[in-house]
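Visitor: Sequence plus predicted model, see below.
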Amino acid sequence: MLMSSIRWRFAFTIGSNLIRGSISFITGILLARYLGPASYGNMAFLLGTFLGIRQLLDMGSSSAFFTFLSQKPRSRRFVMSYFAWLAAQFLITLGVIGLLFPSRWIATIWHGEQRGLVLLAFTAAFMQNSIWPVIQQAGESQRQTVWVQGISTVVAGVHLSVVILLRKFGILQLYAIFAAISLEYFLAAVVAQKWHNYAKEETSGSPHITSEPLFGKYLNYCSPLILYSCIGFAYNFADRWLLQKYGGDVEQAYYAVGSQFSAIALIATSSILRIFWKEIAEAHHLADHARTKTLYQKVSRHLFFGGAMIAGFFMPWAEDLLRLVLGASYVGGTTTMAIMFLYPVHQSMGQIVSTMLFATERVSLQVTTGIIFMIASMGATYLVLAPGNAVIPGLGLASMGLAIKMIMLQLIQVNVLAYMIARIWKWPFDWVHQPASLLGCLGSGWIAHAAAMRMDIGATSLPGLMGLGGGIYLLMMATFVCAMPWLAGLTRDDLISNVTNIWGKAGCRWKMGWSNTPDSK
């Protein structure tokens, strides 16, 4: 029954995430086209810097909040105290940037941007990446997946409509975009909080809800994360700031577009992540180690293979996609985007191993490895971005160099953490599926691309060629999974059972439709 509930919530979440991801992707593409590389890159830079600042403000408290909520029901006071903490973060940062920072600091940190635009960018980033995720976490902690994902999809649709309207009235500027994002997520949070009682009240007769010192719980959980958050802020901020300094707005846009396209492969990961966190936290709290192992291994392989499969198909079409979707002004970012298609492959695995550690309250391990790799990453970022004539010479690779750095360091870090998890729980280190899945999918993708191009008679449109290549690729992937189902986290019995169920349901529907036709009566 519980596994059925997880499957239903995952199925609904991935469905809503596909819809929302498609809407968000279209919105991002329209913004990139309408604004052009320079303005779009500037928008990506401003929002990206505040993602780093958000990590500094959070100090791991959001992870603690969701973990505690997932373990058992909590009182309204517990939830409201966290909202008060968020309000303090927002108001203090707004005051510091708006009132205390001298104008020359603003110009140096954000490369000449106006204070008002910087404040609006912060508000938009905070509403989208701090306030709204808390609403989602509170809903997921009580398995209210349908409600939370439904509102998220509506917000994405509203934002697309707003962007189109702003363009129609000729006021599609960064000020208007940031103001719209801020208002959309604020209203969504108000509506969600009003119509759903996320926090359960304390009752004297409840055996599950206990009154406990909030500050002590958060302090114990977050203490190892304070240094981690500070380093994380420097790491995230440095990537965006150095790319803006040495590459400029256009290279920032190339990197942002590559991230936008690669995010397609993270839909499945984002769909399962909070569900996985909830179930792992609960299983760990109940000391159900067998279920913990099953969830971790199956989800890891599923998501890794899914990411590799998507990357394998899209990489060969990178230049054609950019030319078709965004125009010739973005074709210079072809290599960056092709490399970025690999980013979600190990990113999905990285999010799973991090979630595993946070949900089981093994925070110090995540912190130690994270700090080491973030410090190494900042040095690597400088080396790949700095020009050859800098005081400390670099490679001057711009957005392509940043993409390469992200892929390589992530691959190493994720496998170090996965190895440590295997040692802690005394499991075999599960790594063979990684090169097998990735090489198989990439090789199949290039073969399918070459076959489609060879079949082109000169009159086929790019969407038609991609459809032809996609058909060839899916046949190759089906053969690949049938030959080695373990790569996708399946057994041969699982595969046969799933195919039989799908075939049976399809056949049943076909028979019902046939029996209802006039000729069948």
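Guide: That came in fine, so what should we check first? Numbering: from 1, shown residues only.
Visitor: can you count the residues close to the residue lying closest to residue 242 once chain neighbours are set aside?
Guide: Of all residues not flanking residue 242 in the chain, residue 385 sits nearest, at 4.9 Å (Cβ to Cβ, 6 or more residues apart in numbering). For glycine as for every other residue, the C-beta is placed from the backbone atoms N, C-alpha and C. Neighbour count of residue 385, defined by other Cβ atoms under 10 Å: 27.
Visitor: okay but residue 385 is in contact with residue 252, surely?
Guide: No. Residue 385 is beyond contact range of residue 252, at 11.3 Å (criterion: Cβ atoms under 8 Å).
Visitor: and the residue nearest to residue 242, how far is that from residue 377?
Guide: 12 Å (Cβ to Cβ, to the nearest Å).
Visitor: Could you list the low-pLDDT ranges of the stretch 51-200 of the chain?
Guide: 73-74, 140-145, 195-200 (pLDDT under 70).
Visitor: I'd assumed residue 316 was in contact with residue 334.
Guide: No. Residue 334 is beyond contact range of residue 316, at 11.1 Å (criterion: Cβ under 8 Å).
Visitor: Those two: which has the busier surroundings?
Guide: residue 316 (23 against 18).
Visitor: quick one, what contacts the more buried one?
Guide: With contact set as Cβ atoms under 8 Å, 6 or more residues apart in numbering, residue 316 has these partners: 445, 446, 448, 449, 450, 469.
Visitor: Return the subset of those lying in helices.
Guide: 445, 446, 448, 449, 450, 469 (DSSP state H).
Visitor: Out of these, grab the one that's most surrounded.
Guide: The most crowded member of the ones in helices among the contacts of residue 316 is residue 445, carrying 27 neighbours; neighbours defined as other Cβ under 10 Å.
Visitor: Run a quick neighbour tally on the nearest residue to that one once chain neighbours are set aside.
Guide: Spatially, and ignoring its direct neighbours in sequence, residue 445 is nearest to residue 312 (3.5 Å; Cβ to Cβ, 6+ apart). Residue 312 has 29 neighbours, counted by other Cβ under 10 Å.
Visitor: just residue 57 next, same as before
Guide: Residue 57, neighbours per other Cβ under 10 Å, totals 20.
Visitor: Spell out which helix or strand contains it, please.
Guide: Per DSSP states H and E, residue 57 falls inside helix 2-58.
Visitor: swap in residue 171?
Guide: Counting by DSSP H and E, residue 171 is part of no helix or strand.
Visitor: same deal with residue 78?
Guide: Per DSSP H and E: helix 76-95 holds residue 78.
Visitor: Would you mark the buried spots in that helix?
Guide: For helix 76-95, burial by neighbour count (16 or more other Cβ atoms under 10 Å) applies to 78, 79, 82, 83, 85, 86, 89, 90, 93.
Visitor: likewise stretch 97-115?
Guide: Buried residues in stretch 97-115, defined by neighbour count with 16+ other Cβ under 10 Å: 97, 106, 110, 111, 113, 115.
Visitor: what do you get for stretch 217-228?
Guide: 218, 221, 222, 224, 225, 228.
Visitor: Ok, stretch 357-374 next?
Guide: Here stretch 357-374 shows 357-363, 365-367, 369-371, 373-374 as buried, counting by 16+ other Cβ under 10 Å.
Visitor: before we move on, the earlier item: common neighbours of residue 385 and residue 252, please.
Guide: Counting by Cβ under 8 Å, 6+ apart, the residues touching both residue 385 and residue 252 are residue 243.
Visitor: just to revisit the earlier point, just the ones in helices among the contacts of residue 316 now: which is nearest residue 345?
Guide: residue 445 (12.4 Å; Cβ to Cβ).
Visitor: And that closest one, how far from residue 382?
Guide: For residue 445, the distance to residue 382 - Cβ to Cβ - is 33 Å.
Visitor: for residue 24, same thing?
Guide: From residue 24 to residue 382 the distance is 31 Å (Cβ to Cβ).
Visitor: Neighbour count: the two, which is higher?
Guide: Neighbours per residue, other Cβ under 10 Å: of residue 24 and residue 382, the larger number sits with residue 24, 21 against 17.
Visitor: for the more buried one, what are its contacts?
Guide: Residue 24 neighbours (Cβ under 8 Å, 6+ apart): 156, 159, 160.
Visitor: Could you check the angle the helix or strand hosting residue 267 makes with helix 2-58?
Guide: Taking DSSP H and E as the criterion, residue 267 maps to helix 267-285. In terms of direction (axes from the mean of the first three to the mean of the last three Cα atoms, to 10 degrees), helix 267-285 departs from helix 2-58 by 100 degrees.
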